[in-house]
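Student: how would this look folded up:
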Amino acid sequence: MGDKAPRAHKVRTFLERKDLVFSAKRYLVDAMGSMALGLFASLLIGTILSTVADKLSLAWLKDIASFASQATGPSMAVAIGLALKAPPLVLFSLCAVGVGANSLGGPLGTLICAVIAAELGKLVSKETKVDILVTPTVTIVSGLLIARLAGPGVSAVMTAFGNMIMHATDMHPFFMGIIVSVLVGIALTLPISSAAICASFGAAGLIGLAGGAATAGCCAQMVGFAVMSFKENRWSGIVAQGLGTSMLQMGNIVKNPLIWLPPTIVSAITGPMATCLFKMENGVGVASGMGTCGLVGPIGVMASEGFGSPMSWIGMLLICIVIPAVLTPLVALPFRRLGWIKPGDLKLEL
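Tutor: Numbering: from 1, shown residues only. Modelled structure (predicted):
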């Protein structure tokens, strides 16, 4: 018994020194959120540039877009490693892990493989005199071994699930429009990455009508909270929430969950409007979960439309911006009159 306490203390001290924190926040919030940025900086930008290149017949821009999209795996893996505070040699080794993991397991497979590879790489980093050989070997071999074993299965499950959602939305656009819009919108405001979730459903992610519904739900949350809290947060709140993230309101939601109802109710309205009335589609999986963050969601919608007809522009503006901006304060009005939402409940420290 006497030996166990010092041994446990040594293990705990070693893990602390290596910055290994086994928690849902570290892996599902920090790592997944950072992975979404990696997707944004490669696949999303590549898709948008490719659409512009096709529209303007620019072969050189098409090549650039192709190279950007090809960097998706390494970009995600490095972003995950950065969130896990991996040392440089581990971080660089994750590029190879990202190539194989994304090829075999898609975004979710990349998340799993990069997390395991990064943590194992951190364990051995600078522990031997031949660190330049040991650390990249452990990182790359462990990550790609997991990718080879689990990647195809993970990819198949996520693809099947994504296809089921998209097929169900095509078959029942009204009810599925509500479900997808509300759930993805809620995921956007929660401290998890809705963009990474949407990108994980198969090779292309959550696209088509389901992608349009997801975009509607995310925009309803961001624009809704921004406008609904204008009295408390003024223009800085419009920018921070409308172009940044509604996640900023999570602290206030914990204090008073009722403030979440107005934008969520509006997402249940704009979702089926997007699927049934405007037939709005998003062709970029990661963009489906971004909402108005940097206007990525609307850009994804218009990119899938080829930046085409005036009606597609009108539909996108109404669903993504105008309707949430108008409806959310109206829905919130009875909540305020009943005292369910009080002055200051939506105040942010900006």
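
Student: Excluding sequence neighbours, find me the nearest residue to Leu28.
Tutor: Residue nearest to Leu28 in three dimensions, not counting chain neighbours: Ile192, with 6.0 Å by CB to CB, 6 or more residues apart in numbering. Quick note: C-beta positions are derived from backbone N, CA and C, even for glycine.

Student: That neighbour belongs to a helix?
Tutor: No: using DSSP: H, G, I helix; E, B strand; the rest coil, the assignment for Ile192 is coil, not a helix.

Student: Next, the contact list for it, please.
Tutor: If a contact means CB atoms under 8 Å, 6 or more residues apart in numbering, then Ile192 has Leu28, Val29, Met32, Gly33 as its contacts.

Student: For it, grab phi and psi.
Tutor: Main-chain dihedrals, Ile192, degrees, to the nearest 10: phi -130, psi 170.

Student: That one and Ala101, how far apart?
Tutor: Counting by CB to CB, to the nearest Å, the gap from Ile192 to Ala101 is 20 Å.

Student: is it true that Pro191 touches Gln249?
Tutor: No: Pro191 is beyond contact range of Gln249, at 11.0 Å (criterion: CB atoms under 8 Å).

Student: Of these two, give the one with the bigger neighbour count.
Tutor: Using other CB atoms under 10 Å, the more surrounded residue of Pro191 and Gln249 is Gln249, with 26 against 14.

Student: Check the gap between the residue nearest the centre of the chain and Lys347 for me.
Tutor: Note on the chain: the residue nearest the mean C-alpha position is Ala195, at 2.1 Å, using CA atoms, centre = their mean. Per CB to CB, Ala195 is found 27 Å from Lys347.

Student: what's the answer for Thr72, then?
Tutor: With distances taken as CB to CB, Thr72 is found 39 Å from Lys347.

Student: Of those two, which one has the most company?
Tutor: It is Thr72, of Thr72 and Lys347, that has more neighbours when counted by other CB under 10 Å, with 25 against 15.

Student: how about that one, phi and psi?
Tutor: Backbone torsions of Thr72, given as degrees, to the nearest 10, read phi -60, psi -50.

Student: Find the residue ranges of the stretch 201-350 of the chain scoring beneath the pLDDT cut-off.
Tutor: Along the stretch 201-350 of the chain, the parts satisfying pLDDT under 70 run over 202-204, 306, 308, 350.

Student: can you give me the helices in it?
Tutor: With DSSP state H, counting those that start in this stretch as the criterion, the stretch 201-350 of the chain has helices at 208-228, 230-239, 250-255, 261-272, 285-288, 296-304, 310-317, 323-337.
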